[in-house]
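Chemist: sequence plus predicted model, see below.
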Amino acid sequence: MIDREGRVVFGSFLAFVLLVACSVVVERQTGIALRERPLVSFLLVGGVAIALPQLYLAYTETGTRSRTRLRFAAVTTAVFAVAFADDAAGVRYLLLATIGTGTLLGLLCYEALSGYRAVSDDVSFDLQNR
């Protein structure tokens, strides 16, 4: 029996495969290729196949596993954004580079805030017990 995590990841992979198959059909019918659209390709690969299931699982879980899932989603999103920005030009390049940079900056802020909260929970300014 497949556990919940396996079902979510498998479901996102199945959605990815179906979307790629539909894009092949659209390419044959209209001549519009998915590989010519790096922003759409990035959203399909980086979003549907990788980041979306990890973010869903992080949202529904608590603890260190959810933090690990957020880190994984952020780093892989940034890596795929940079990889797809290589094929883009103009505004699409800028948008993909901004997504990659923003994702890493968001992860940095999230880690800093989590560290601050962990330290501030341990510090007490109670002067009555001196």
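Modeler: That came through, no problem. Numbers count the residues shown, from 1 in each chain.
Chemist: please work out the average pLDDT along stretch 75-88.
Modeler: Averaged across stretch 75-88, the pLDDT comes to 85.
Chemist: now stretch 9-24
Modeler: What stretch 9-24 shows for mean pLDDT is 87.
Chemist: return the distance of the host helix or strand of Glu111 from the chain's centre.
Modeler: For Glu111, the host element (DSSP states H and E) is helix 91-122. Put simply, helix 91-122 sits 12 Å off its chain's centre (CA atoms, centre = their mean, to the nearest Å).
Chemist: which strands and helices sit next to it?
Modeler: Counting contacts by 3 or more CB pairs under 8 Å, 6 or more residues apart in numbering; DSSP states H and E, helix 91-122 packs against helix 38-42, helix 64-85. Glycine gets a C-beta too; all of them are placed from N, C-alpha and C.
Chemist: list the buried ones in that helix?
Modeler: Arg92, Tyr93, Leu95, Leu96, Ala97, Ile99, Gly100, Thr103, Leu104, Leu107 (16 or more other CB atoms under 10 Å).
Chemist: how about those in TSV, adding distance to Leu14 and pLDDT?
Modeler: Formatted as TSV, the buried residues of helix 91-122 follow (distance: CB to CB, whole Å; pLDDT from 0 to 100):
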residue	distance to Leu14	pLDDT
Arg92	28	82
Tyr93	31	87
Leu95	28	88
Leu96	26	86
Ala97	30	88
Ile99	25	88
Gly100	26	89
Thr103	25	91
Leu104	29	91
Leu107	28	90
